[in-house]
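Chemist: Dropping the sequence and predicted coords here.
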2 protein chains.
Amino acid sequence: MSDPHTDKKMPYHHGDLRAALLAAAEVEIAEHGVEGFSLRQVARRAGVSHAAPAHHFGDANGLLTALAADGYRQFLAAQAEREAAADPAPRAQLVAAGLGYVDFALTRPALFRLLFGSERTDYADPDLSMAANAAYQHLADQVVAAGGRDSADAAAVWAMAHGLADLMAAGRLKTIISLEPSARDATIAAIVGRALPPA
Amino acid sequence: MSDPHTDKKMPYHHGDLRAALLAAAEVEIAEHGVEGFSLRQVARRAGVSHAAPAHHFGDANGLLTALAADGYRQFLAAQAEREAAADPAPRAQLVAAGLGYVDFALTRPALFRLLFGSERTDYADPDLSMAANAAYQHLADQVVAAGGRDSADAAAVWAMAHGLADLMAAGRLKTIISLEPSARDATIAAIVGRALPPA
DNA sequence: GGGGCAATCTTTTCGCTGTCAAGATATTTT
DNA sequence: AAAATATCTTGACAGCGAAAAGATTGCCCC
């Protein structure tokens, strides 16, 4: 009845199947988790045969890799959004980036787990590699701008933001999650601030 | 030829199949990752039919849940080992726990990911729930012993240790991983120390 | 504008997986 | 010893990812 190709609306060529598959994949991992990801289910959601994704992404891991690359760019965007709304002083900018880090993990936990907790993404892929490096570089730059010295400073800030984000995305640290937004931001900002020694 | 039941050595009843399956499962996730986990492969490794695990664990997630519960106990043991070798002062004990946290993540990264990064473990299971709570409680107790006040102090210490462990288990923070053991410990200890405000 | 070429998508097939149901074997209980 | 129970095997089923082969379409060049 409602088979994609019995209604005449559906052309043989999709038009922008690649983007449609990426969008469908993000919805799928949001609903079923990264470990419940199914390539055939994604194809079904996009209204296309189960073998269609292969041409655009090779295999299932290829699709997840492309999704992760996009994810890193959105990850950076989430930090940039916080930074734009914050005091331009270097240290405030660094803390804002940390808030954006956590924002992303809480807003799109499945995507966050794909970026940092999945073994199915291929970092030999240039696009993913670039995107991931850009995300790290942004943080490292802000640490030096804020007065960081050794690489331990960057590691500390990264670890603190990541630890908060990962634990909260997993539903732990409920005492912080259940805070109202403004109090929550203040708490997170204070904690992230501990990672960097005072100027 | 080498079928389990053509050699007469193999009795119909295994003896301690439950423990054997758990051991096989840990080797499997260490070799193929949590996302590459296969129940049939675990059964094969234990020399048993593919449906044998069901009786002991229900389904695949049940096995992973039981493995995670054991994992949390070993996780606590790794921290206790570091604590036993450290200065008994509360703050030194807390830092030692952090070192044990990272030790565990680096020594058994697959198991660590099962504990903190998998959606296939069922925390409604009483055994897993108890084990996980015990791990958290141990950390929280040490934070108050070391002079922690609000729950933000516990969150900060947890997040810092967890962030370091998770990133390093994923192969990031290479500048720290590549340090020689003593220097690495010192660096990690210094970073964890930042999470708790000075007494 | 028409012919051919390449890209895109479908269909079919394969081995592997997790789960369930039914049967076989051993252990424990009565 | 008989019966009940626990443990393990066998067989079946649908869903999965991947590969091969076929159908359809858009595009480029003559």
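Modeler: Ah, there it is. Numbers count the residues shown, from 1 in each chain, chains lettered A, B, ... in the order given.

Chemist: quick one: the biggest helix by length in chain A to chain centroid distance?
Modeler: The single longest helix within chain A, with elements called by DSSP state H, is helix A:60-84. Distance, stretch centre to chain centre, for helix A:60-84: 5 Å (Cα atoms, centre = their mean, to the nearest Å).

Chemist: do the same with stretch A:190-199
Modeler: Computed by Cα atoms, centre = their mean, the chain-centroid distance of stretch A:190-199 equals 24 Å.

Chemist: Residues contacting it, please?
Modeler: Residues outside stretch A:190-199 that contact it (Cβ atoms under 8 Å, 6 or more residues apart in numbering or on different chains) are A:91, A:94-95, A:98-99, A:143, A:146-148, A:153, A:156-157, A:159-161, A:164, B:152, B:155-156, B:159-160, B:191, B:194-195, B:197. For glycine as for every other residue, the C-beta is placed from the backbone atoms N, C-alpha and C.

Chemist: If we use 7 Å, what do you get?
Modeler: A:94-95, A:98, A:146-148, A:153, A:156-157, A:160-161, A:164, B:152, B:155-156, B:159, B:194-195 (Cβ atoms under 7 Å, 6 or more residues apart in numbering or on different chains).

Chemist: which of these count as buried?
Modeler: A:94-95, A:98, A:146, A:148, A:153, A:156-157, A:160-161, A:164, B:152, B:155-156, B:159, B:194-195 (16 or more other Cβ atoms under 10 Å in any protein chain shown).

Chemist: re earlier: what is the rounded mean pLDDT of the longest helix of chain A?
Modeler: For helix A:60-84, the mean pLDDT works out to 98.

Chemist: go on, stretch A:113-132?
Modeler: On average, stretch A:113-132 scores 98.

Chemist: and it, does that touch chain B?
Modeler: Yes: legend: contact between stretch A:113-132 and chain B by Cβ under 7 Å from any Cβ of the partner chain is shown at A:Arg113, A:Phe116, A:Gly117, A:Ser118, A:Glu119, A:Arg120.

Chemist: do the same with stretch A:47-66
Modeler: No: using Cβ under 7 Å from any Cβ, we find that stretch A:47-66 stays clear of chain B, coming within 9.8 Å at best.

Chemist: Now that stretch: buried residues?
Modeler: For stretch A:47-66, by 16+ other Cβ under 10 Å, it's A:Gly47, A:Val48, A:Ala52, A:Pro53, A:Phe57, A:Ala60, A:Asn61, A:Gly62, A:Leu63, A:Leu64, A:Thr65, A:Ala66.

Chemist: Would you reformat those residues as TSV and include distance to DNA strand C?
Modeler: What follows is the buried residues of stretch A:47-66, written out as TSV (distance: Cβ to the nearest atom of the strand, whole Å):
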residue	distance to DNA strand C
A:Gly47	7
A:Val48	4
A:Ala52	4
A:Pro53	8
A:Phe57	10
A:Ala60	12
A:Asn61	15
A:Gly62	14
A:Leu63	13
A:Leu64	18
A:Thr65	17
A:Ala66	14
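
Chemist: Which entries in these are shared with the contacts of DNA strand D?
Modeler: Contacts with DNA strand D within the buried residues of stretch A:47-66, as defined by Cβ under 7 Å from any atom of the strand: A:Ala60, A:Asn61.

Chemist: Now do the helices in chain A.
Modeler: Using DSSP H, helices in chain A cover A:17-32, A:39-45, A:52-57, A:60-84, A:90-107, A:109-117, A:126-145, A:151-169, A:174-177, A:181-195.
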